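Undergrad: here is a sequence together with a model predicted from it:
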Amino acid sequence: FFLLIVPAVAANDDIIVESGYKVPVQGERHDPVPISWWQFQILIIIGQLSLMPGEIFAAFKSLTYLGYRAVTDNNILKNGTRLKILDHIKKNPGVNFSIISKETGVNRGTLNYHLKILDMHDKIKVYKSRYFENHMKFNDNEQKILNQLKKDMPRKIIKILIEHPGASRKEISGEIGITDQAVSWYMKHLRTDGIIVSETLGQFNTYFVSAKAMQIIQNALQNEPLRGLH
């Protein structure tokens, strides 16, 4: 529309249509009849509009021959790269973006595209920049726990408490080699996520993995060994 209308607006008020043939005019001669620019342009626009449905269809049809097609729920996993990414997430719930890229060999730009497609079609869920299979396989509590298990220091603390239930903050600090203050910081987040609970023993607090978290961890280990816990 823009390309059709702008030249017409810039032109004179009248447009004269003359024959383009360089041959003598046969028959009765008629003088050129001036018409308004909009009378001429509207015919072109109407003709163009009548062709648009066919042009649009042909354009989209041509994309299929170039290898492009719409992503739907029926064909979303027919893409080999996308299927490989989803399989990796299934086997490594809570995995982050960098690890997926490294272990699947998919470059970051392509990976970002496929993850968005999987998320749009509810194949995966994203929790704190970590990826999980959808279909209600992991609820919110499970995602929180699996998310912590993918982090190096929280995983070490959980492993210590599984092997030595009732350990104190100082014992955990000495085992891992970090300060008591750092242990307290991690403990705060683990308690918030319901992964550990504490009991007071004299002047000290002792820590345990909660029964709920322990069940989730055991289920996760049955499906796929978690690094640092098997």
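TA: Done, it's in.
Undergrad: quick one: the strands in the protein?
TA: With DSSP state E, the ranges of strands along the chain come out as 14-15, 35-36, 95-96, 124-127, 130-133, 167-168, 196-201, 204-209.
Undergrad: of those, flag the one that's most buried.
TA: When neighbours are counted by mean count of other Cβ atoms under 10 Å, the highest per-stretch mean among the strands of the chain falls to strand 130-133, a mean of 21. From N, CA and C alone the C-beta is placed, and that goes for glycine too.
Undergrad: pairing partners for that strand, with directions?
TA: Strand pairing for strand 130-133, using DSSP bridges, gives strand 95-96 (antiparallel), strand 124-127 (antiparallel).
Undergrad: to Asp87, which of the strands of the chain lies closest?
TA: strand 130-133 (9.6 Å; Cβ to Cβ).
Undergrad: by mean pLDDT, point me to the weakest helix or strand of this protein.
TA: helix 2-10 (a mean of 55; mean pLDDT, DSSP states H and E).
Undergrad: want to throw the strands of the chain into a markdown table with mean pLDDT and distance to Asp140?
TA: What follows is the strands of the chain, written out as a markdown table (pLDDT from 0 to 100; distance: least, Cβ to Cβ, whole Å):
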| stretch | mean pLDDT | distance to Asp140 |
| --- | --- | --- |
| strand 14-15 | 57 | 69 |
| strand 35-36 | 66 | 68 |
| strand 95-96 | 88 | 18 |
| strand 124-127 | 80 | 8 |
| strand 130-133 | 84 | 10 |
| strand 167-168 | 90 | 27 |
| strand 196-201 | 86 | 17 |
| strand 204-209 | 88 | 18 |
